[in-house]
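Novice: Kindly generate the corresponding structure for this input.
(2 chains)
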Amino acid sequence: MKAERTWPESGPGVSPAAAIPAPLSDDPVLDELSRKMQAWGGAWFGSETSDTGIEQSRVRQRLLFWLKRCIGGDAGAMLANPSEDLSLAKSTPLLSAFLGRRAMVEVSRRVLNDE
Amino acid sequence: MPRAVSWIWTYCAIHLAIGAVAYAHFLVTGSYQYLTWYFVILGTLFFLITAAAEFYFAFECRAGFDADEPMRLVWTFITFASSARFLAATLIFLDHWRLARLPASPPLVLGLTPPKSLAEIGEVIGGPIAMVLLAIALSRVLAIQRRFGILRGLTRTDTVLIYLIIVVTLIEAANIERYLGPPFPRPSVAQAILWMSDPLLGFLLVEAVLIRRSTYRIGIGLVSRCWGMYVMAIVATLAGDAAIWGVGEELLAQNLVPLTWYIWFFAAAAFASAPAYQLAAMKLPQAQQGELSDS
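Specialist: Predicted coordinates:
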């Protein structure tokens, strides 16, 4: 029998490696890559602190828009908790479950790319 | 409101407006002629079209999930349920065709008269069988909602409602038991299956109450509206069923009886709207920026 794939892991147990600031090196290419990885990590996992950047705040707003439109008006509030901000990583399981994996890929693309 | 849902309810509104004219004619003249035409021709066509739409939307929703996704199974069962309703509408349509008694119609000339049991088979397929399939799908939805912490515990009102449903079901079972004795003819298999309709509807209502609770928690969105429409469809079915019972017990004046038949159009429209909302949610991320405000 084919095994059912489990939900993507999320929550406090998952520590985003990309969110940990990498030490600066002498190599400018490595620094650039590290900076991009951190920016991507911030966009995907959100910020655990209150000082979110402008881009992260835009991502969060777009995510809230999609959660509100597709799932329900209070879905964002339901997912966020006082210790952890709303993020794509956190909302992916819910969106994938109710919209399907393919639609979720499209939602992620729009959350990250839309103006 | 998504375009497909808007079409369904516009069609329902136009259909009901025509029905209101037919009912007004019945009230003024006392003649059932136009009312019968309305229910037999336009009504049957309405059920066929809404059931076909429901099946199409449910099938598309199912196709939007991969084979290993939990909601795929939900939409598989909903597709089966909607196909059962479509099959039932077709069988009842054929039964009306049999009753049409058109002497010169080609099917009758060719001897293609549908059998008398078509309507009963249709009632079984579109009733208890479709209900069982929907109940399986909704229990799976509840399990998924529970996994995400969307499902809320029961309130005191919910518990009272559930006990009430159990009591009503037991009373009805006791009533059915009266008809199993020797003075009454042995019930047919179809009749025995149809007796299961009310307990199944009760079970569906319990599921609907639980789903309604969870939609409160996630607020109003396309997916929550989808499940809200199933709740509405189940409640409308229950109201239609209660109306049949009320008519059977002669609780309603003769003039009011035809009004109860209109309830089934609301149920059919709600059943068709539910997968239309889900499909709209799945297609929304592909919409252009300008289209987002319209959908």
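Novice: Chain B contacts on chain A?
Specialist: A:2, A:4-5, A:7, A:66-75, A:78, A:93-94, A:96-103, A:106-107, A:109-110, A:114 (CB under 8 Å from any CB of the partner chain). Just so you know, the C-beta spots here come from the backbone N, C-alpha and C atoms, and that holds for glycine as well.
Novice: what's the helix or strand for the spatially closest residue to B:Val168 that is not a sequence neighbour?
Specialist: Among residues not flanking B:Val168 along the chain, B:Gly202 sits closest, at 6.9 Å (CB to CB, 6 or more residues apart in numbering or on different chains). Here B:Gly202, judged by DSSP states H and E, is contained in helix B:197-218.
Novice: Buried residues, that helix. List them.
Specialist: B:197-215, B:217-218 (16 or more other CB atoms under 10 Å in any protein chain shown).
Novice: same deal with stretch A:59-69?
Specialist: Buried, per 16+ other CB under 10 Å, within stretch A:59-69: A:Val59, A:Arg60, A:Arg62, A:Leu63, A:Leu64, A:Trp66, A:Leu67, A:Lys68, A:Arg69.
Novice: gap between the helix holding B:Gly202 and the chain center?
Specialist: Centroid separation for helix B:197-218 versus its chain: 14 Å, with CA atoms, centre = their mean, to the nearest Å.
Novice: what pLDDT, on average, does it get?
Specialist: For helix B:197-218, mean pLDDT rounds to 82.
Novice: do the same with stretch B:37-45
Specialist: Mean predicted lDDT for stretch B:37-45 stands at 88.
Novice: helices or strands up against the worst-scoring helix or strand of chain A on mean pLDDT?
Specialist: Sorting the helices and strands of chain A by mean pLDDT, DSSP states H and E puts helix A:75-79 at the bottom, at a mean of 71. The helices and strands touching helix A:75-79, judged by 3 or more CB pairs under 8 Å, 6 or more residues apart in numbering or on different chains; DSSP states H and E, are helix A:88-99, helix B:197-218.
Novice: send the alpha carbons of it over as CSV?
Specialist: The C-alpha trace of helix A:75-79 is given here as CSV (Å, rounded to 0.1, in the frame of the first residue of the first chain):
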residue,chain,number,x,y,z
ALA,A,75,-6.9,32.0,9.3
GLY,A,76,-3.9,34.3,9.7
ALA,A,77,-4.7,35.1,13.3
MET,A,78,-5.3,31.4,14.0
LEU,A,79,-1.8,30.5,12.7
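Novice: List the buried residues of it.
Specialist: A:Ala75, A:Gly76, A:Ala77, A:Met78, A:Leu79.
Novice: ok, now stretch B:134-142?
Specialist: Buried-residue list, stretch B:134-142, by 16+ other CB under 10 Å: B:Leu134, B:Ala135, B:Ile136, B:Ala137, B:Leu138, B:Arg140, B:Val141, B:Leu142.
Novice: related to what we said a few turns ago, tabulate the buried residues of stretch A:59-69 (TSV), appending secondary structure and pLDDT.
Specialist: As requested, those are arranged in TSV below (DSSP: H, G, I helix; E, B strand; the rest coil; pLDDT from 0 to 100):
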residue	secondary structure	pLDDT
A:Val59	helix	78
A:Arg60	helix	80
A:Arg62	helix	84
A:Leu63	helix	84
A:Leu64	helix	85
A:Trp66	helix	85
A:Leu67	helix	85
A:Lys68	helix	85
A:Arg69	helix	85
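Novice: host element of residue 31?
Specialist: Went with chain A since none was named. Assigned by DSSP H and E, A:Asp31 belongs to helix A:28-45.
Novice: Next, the angle from that helix to helix A:88-99.
Specialist: 50 degrees (axes from the mean of the first three to the mean of the last three CA atoms, to 10 degrees).
Novice: Find me the pLDDT at B:Tyr277, would you?
Specialist: 93.
Novice: Verify the contact between it and B:Leu222 for me.
Specialist: Yes - contact criterion CB atoms under 8 Å: B:Tyr277 and B:Leu222 qualify, at 5.2 Å.
Novice: okay, and the common contacts of those two?
Specialist: Counting by CB atoms under 8 Å, 6 or more residues apart in numbering or on different chains, the residues touching both B:Tyr277 and B:Leu222 are B:Pro2.
Novice: Same list as before, the helices and strands packed on helix A:75-79 that is, but in TSV and with distance to B:Trp227 included.
Specialist: Below are the helices and strands packed on helix A:75-79 laid out as TSV (distance: least, CB to CB, whole Å):
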stretch	distance to B:Trp227
helix A:88-99	10
helix B:197-218	5
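Novice: before we move on, the earlier item: with respect to chain B, which of the buried residues of helix A:75-79 is nearest?
Specialist: Among the buried residues of helix A:75-79, A:Ala75 lies closest to chain B (CB to the nearest CB), at 4.8 Å.
Novice: ok now do the closest one, which residues does it touch?
Specialist: With CB under 8 Å, 6+ apart, A:Ala75 has these contacts: A:Leu67, A:Lys68, A:Ser91, A:Leu94, B:Ile218, B:Gly219, B:Gly221.
Novice: separation between it and A:Arg69?
Specialist: Separation of A:Ala75 from A:Arg69 (CB to CB, to the nearest Å) stands at 10 Å.
Novice: Now list whatever residues contact both of those two.
Specialist: Contacts common to A:Ala75 and A:Arg69, judged by CB under 8 Å, 6+ apart, are B:Gly221.
Novice: immediately after the helix or strand where B:Phe55 lies, which helix or strand?
Specialist: Using DSSP H and E, the element containing B:Phe55 is helix B:44-63. Downstream of helix B:44-63, the first helix or strand assigned by DSSP H and E is helix B:70-99.
Novice: could you check the angle helix B:44-63 makes with that following helix?
Specialist: Going by the same axes, to 10 degrees, helix B:70-99 makes 160 degrees with helix B:44-63.
Novice: for helix B:70-99, what is the average pLDDT?
Specialist: Averaging pLDDT along helix B:70-99 yields 87.
Novice: likewise stretch A:32-50?
Specialist: On average, stretch A:32-50 scores 68.
Novice: next one: stretch B:239-249
Specialist: Mean predicted lDDT for stretch B:239-249 stands at 82.
Novice: Just the residues contacting that stretch, thanks.
Specialist: B:Ser197, B:Asp198, B:Leu201, B:Leu252, B:Val257, B:Thr260, B:Ile263, B:Trp264, B:Ala267.
Novice: burial count for the closest residue in space to the fifth one that isn't next to it in sequence?
Specialist: Leaving out its chain neighbours, the residue that sits closest to B:Val257 by CB to CB, 6+ apart is B:Val247, at 5.5 Å. Using other CB atoms under 10 Å in any protein chain shown, B:Val247 is surrounded by 16 other residues.
Novice: Understood, closing this out.
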